[in-house]
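Peer 1: any chance you could fold what I've pasted below:
(one chain, ligands or ions: 3)
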Amino acid sequence: MYLDLYSHRFTTSPPSIFSTHIHTFHKMATAEQKKFVSQIDANKAALIDRLAEAVSIPSVSGDANYRKACFDMADWLLAELKKLGATAELKPLGKQNLDGKEIELPPVILGDLGKDPKKKTILVYGHFDVQPALKSDGWDTEPFKLITDEKTGRMYGRGSTDDKGPILGWLNAIEAHQQAGIDLPVNLKFCFEGMEESGSVGLDELIAAEKDSFFQGVDAVCISDNYWLGTKKPCLTHGLRGIAYFKLAISGPARDLHSGVFGGVVHEPMTDLFTIMSKLVTAKGEILVPGIKELVAPLTDEERKRYDVMDFVLSDIEGATGSKTTVSDDKAAVLMGRMRYPCLSLHGIEGAFSEPGTKTVIPAKVIGKFSLRLVPDMTPDKVNELVTKYVNDEFAKIGSKNTMTITSEHGGKPWLADPNHWNYEAAIKATETIYGVKPDLTREGGSIPVTLTFADLLQKNVLLLPMGRSDDGAHSINEKLDISNYIEGTKLLGLYLHEVAATA
Ligand SMILES: C[C@H](N)C(=O)N[C@@H](Cc1c[nH]cn1)C(=O)O
Ligand SMILES: [Zn+2]
Ligand SMILES: [Zn+2]
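Peer 2: Residues are numbered from 1 along each chain as shown. Ligands and ions are numbered 1, 2, ... in the order given. Below you'll find the model as predicted:
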């Protein structure tokens, strides 16, 4: 049993890592805020159940076989919003071609709660689709069943941290206000999509079309879909890397071949693919595609200093990766590698022999997958041009009789916001109240393509206010969200809305 310093009751969950700030909380929070926070504590079990329901819907956007679940997830979320009194609807986005199949895109949920002209309006974005997950990938538990480990205080399941937990954080915060009889201090607009993990297809067009209708009147945007830099200290995020994703297909023989009979006889697609892919990036992460480095905005002295003072130790990365494999041992270099420089990652090879055993096969067609994370001033278009030219030139050098095609899949531009804004001020105050510490100001290595669209089209400030920690294992096996991050993170989202209302 543990002593919960908020409620002063004994619980089965471990104490929050910030429970020592209880005095700060009592000093800073208003009576309404305290009531809201107590309501969240009282709702804890129900909030975990709600997350379990959401996780049980396998809304994987990148696999056509799971498309129905993406629709089920949209229906479920729409119903939850309506239960809270929101006006909400599903916006169809048309069709897409996925792995050769023409299928309907998951809808976007657009919703409103409150239209008081005296209040500010905050647009909240999140995504209800998830990355693929199979138990056989190495998960310890079923990925689409939320497993709560009371001993460690962790909840395991695909989408727990990315991004179902944070989306539910908003809903939980609204519900607690209603239960505690507290007026929401702002108007809310919701934009929840089901294709973020697969390029946000169709979303930019919808936002452009709705700019002067649904999105009219938005004062600022808040997105909870990234992670703390480490495991102890909360952060606000004002930058994201963009992305350019590629598929490199090489085919030759009409069918898979016996390597004893045809090895040394034919050009092997896999050999060609390895040759090209090995020329994209060095083992130390240096991108070898000519022209890429030149696109990167130069580092200023002032920016360099910011990395030195960030509250971060290498063991944060080692804990998150479960290894001691950082490319550099220098703190600032590691941070810049994640936040302000591009990277090129090799993701996988479709068509390769990957099962256990020792099959002696020459695969007839293989597709290599890789992506670059983009930083200012790179654009997906320019990167596509450089990568396509380089890969074509390198393939020509091999002299292979196989056929090679390089296709650019989804892309997204990098984003950098000005944190000197009331939106960030509000989040800083709310973080101090909930966690008793001033948050770090970070840039995230991942991508949320719509962020720049909101900033550009709506011309409003965008803030990233993460709920989860760096070791949550988003996109990986055993993805988790700590109960304390879910509960305190929900309180944070609620208090942020109060601070938005209070700031000029
Ligand atoms: C940061 C966010 N939670 C996230 O995971 N974004 C994805 C977006 C994406 C792009 N292609 C596939 N997924 C990411 O950064 O990988
Ligand atoms: Zn993700
Ligand atoms: Zn996400």
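
Peer 1: what residues of the helix or strand harbouring Asp49 count as buried?
Peer 2: According to DSSP states H and E, Asp49 maps onto helix 31-55. Within helix 31-55, the residues scored as buried using 16 or more other Cβ atoms under 10 Å are 33, 35-37, 39-41, 43-44, 47-48, 50-52, 54-55. Backbone N, C-alpha and C define where each C-beta goes, glycine included.

Peer 1: and that helix, what other elements does it pack with?
Peer 2: helix 67-83, helix 165-180, helix 483-502 (3 or more Cβ pairs under 8 Å, 6 or more residues apart in numbering; DSSP states H and E).

Peer 1: and that helix, what's its mean pLDDT?
Peer 2: Helix 31-55 carries an average pLDDT of 97.

Peer 1: in the sheet, who's paired with Met155?
Peer 2: Thr148, Leu481 (DSSP bridges).

Peer 1: I'd like the distance between it and ligand 3.
Peer 2: 17 Å (Cβ to the ion, to the nearest Å).

Peer 1: wait, that residue sits on Ser484?
Peer 2: No: counting by Cβ atoms under 8 Å, Ser484 is not a contact partner of Met155; they are 10.5 Å apart.

Peer 1: what about these two, which has more around it?
Peer 2: More neighbours surround Met155 than the other of Met155 and Ser484, with 24 against 18 (other Cβ atoms under 10 Å).

Peer 1: re earlier: as TSV, the helices and strands packed on helix 31-55 with mean pLDDT would be great.
Peer 2: Output for those, formatted as TSV (pLDDT from 0 to 100):
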stretch	mean pLDDT
helix 67-83	98
helix 165-180	98
helix 483-502	98
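
Peer 1: ligand 3 is nearest to which of the ones you listed?
Peer 2: helix 165-180 (8.2 Å; Cβ to the ion).

Peer 1: and this protein, which of its residues are near ligand 1?
Peer 2: By the rule Cβ under 6 Å from any ligand atom, the part of the chain lying against ligand 1 is Asp162, Asp163, Glu196, Glu197, Asp225, Asn226, Ile243, His410, Gly446, Ser447, Ile448, Ala474.

Peer 1: nearest residue to the first one in space, please, no chain neighbours.
Peer 2: Once flanking residues are discounted, Asp162 sits nearest to Ala474: 3.9 Å by Cβ to Cβ, 6 or more residues apart in numbering.

Peer 1: residues contacting the one you found?
Peer 2: Counting by Cβ atoms under 8 Å, 6 or more residues apart in numbering, Ala474 touches Gln131, Thr161, Asp162, Tyr227, Gly468.

Peer 1: please report how far Glu205 lies from Glu409.
Peer 2: From Glu205 across to Glu409, the span is 18 Å (Cβ to Cβ, to the nearest Å).

Peer 1: can you pull out the low-pLDDT segments for the stretch 351-500 of the chain?
Peer 2: Applying pLDDT under 70 to the stretch 351-500 of the chain flags no residue at all.

Peer 1: that one: strands as residue ranges?
Peer 2: Here the stretch 351-500 of the chain has its strands, by DSSP state E, counting those that start in this stretch, at 361-362, 365-374, 403-412, 415-416, 440-444, 461-464, 480-482.

Peer 1: quick check: which of those strands is nearest to Gly264?
Peer 2: strand 361-362 (10.3 Å; Cβ to Cβ).

Peer 1: same for that closest one, what does it pack against?
Peer 2: Counting by 3+ Cβ pairs under 8 Å, 6+ apart, strand 361-362 packs on strand 257-258, helix 259-262.

Peer 1: can you narrow the contacts of Ala474 down to the ones near ligand 3?
Peer 2: Asp162 (Cβ under 5 Å from the ion).

Peer 1: ok, and the most crowded of the contacts of Ala474?
Peer 2: Thr161 (29 neighbours).

Peer 1: next up, the contacts around that one.
Peer 2: So, once contact is read as Cβ under 8 Å, 6+ apart, Thr161 ends up touching Tyr227, Met467, Gly468, Arg469, Asp472, Gly473, Ala474, Glu479, Lys480, Leu481, Asn485.

Peer 1: what residues are up against the closest residue to ligand 1 within the stretch 351-500 of the chain?
Peer 2: Nearest residue of the stretch 351-500 of the chain to ligand 1: Gly446, at 3.2 Å (Cβ to the nearest ligand atom). Contacts for Gly446 (Cβ under 8 Å, 6+ apart) come out as Asn226, Leu240, Arg241, Arg373.

Peer 1: switch the cut-off to 10 Å
Peer 2: Asp162, Asp225, Asn226, Tyr227, Thr237, Leu240, Arg241, Ile243, Arg338, Arg373, Ala474, His475 (Cβ atoms under 10 Å, 6 or more residues apart in numbering).

Peer 1: quick one: buried ones out of those?
Peer 2: Asp162, Asp225, Asn226, Tyr227, Thr237, Leu240, Arg241, Ile243, Arg338, Arg373, Ala474.

Peer 1: looks to me like Glu294 is in a strand.
Peer 2: No: under DSSP: H, G, I helix; E, B strand; the rest coil, Glu294 falls outside any strand and is assigned helix.

Peer 1: any idea how far the residue lying farthest from the centre of the chain is from Thr360?
Peer 2: Centroid-distance maximum for the chain: Val261 at 46.9 Å, with Cα atoms, centre = their mean. Computed as Cβ to Cβ, the Val261 to Thr360 distance reads 10 Å.

Peer 1: for the one residue in the stretch 251-400 of the chain that gets nearest to ligand 3, list the residues it contacts.
Peer 2: Across the stretch 251-400 of the chain, no residue is closer to ligand 3 than Arg373, which sits at 14.3 Å (Cβ to the ion). Residues near Arg373 by Cβ under 10 Å, 6+ apart: 240-244, 338, 341-345, 412, 414, 445-447.

Peer 1: which one is the residue of the stretch 201-350 of the chain found nearest ligand 3 nearest to, not counting chain neighbours?
Peer 2: Going by Cβ to the ion, ligand 3 is nearest to Asp225 of the stretch 201-350 of the chain, at 4.2 Å. Leaving aside its sequence neighbours, Asp225 sits nearest to Asp163 (Cβ to Cβ, 6+ apart; 4.6 Å).

Peer 1: just checking, the one you found touches Met467?
Peer 2: Yes: between Asp163 and Met467 there is a contact under Cβ atoms under 10 Å: 8.9 Å.

Peer 1: overlap in contacts, these two.
Peer 2: Common neighbours of Asp163 and Met467 (Cβ under 10 Å, 6+ apart) are Gly169, Ser224, Asp225, Asn226.

Peer 1: output those in a markdown table, with secondary structure appended to each entry.
Peer 2: What follows is the shared contacts of Asp163 and Met467, written out as a markdown table (three-state DSSP):
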| residue | secondary structure |
| --- | --- |
| Gly169 | helix |
| Ser224 | coil |
| Asp225 | coil |
| Asn226 | coil |
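
Peer 1: what's the most distant pair in the residues you listed?
Peer 2: The span of the shared contacts of Asp163 and Met467, defined through Cβ to Cβ, is set by Gly169 and Asn226 at 13.3 Å.

Peer 1: of the strands of the stretch 351-500 of the chain, which stretch is the most buried?
Peer 2: Ranked by mean neighbour count, these are led by strand 480-482 with a mean of 27 (mean count of other Cβ atoms under 10 Å).

Peer 1: check whether that strand comes near ligand 3.
Peer 2: No: applying Cβ under 5 Å from the ion, one finds strand 480-482 separated from ligand 3 by no less than 12.3 Å.

Peer 1: what packs against that strand?
Peer 2: helix 31-55, strand 147-149, strand 154-156, helix 165-180, helix 483-502 (3 or more Cβ pairs under 10 Å, 6 or more residues apart in numbering; DSSP states H and E).
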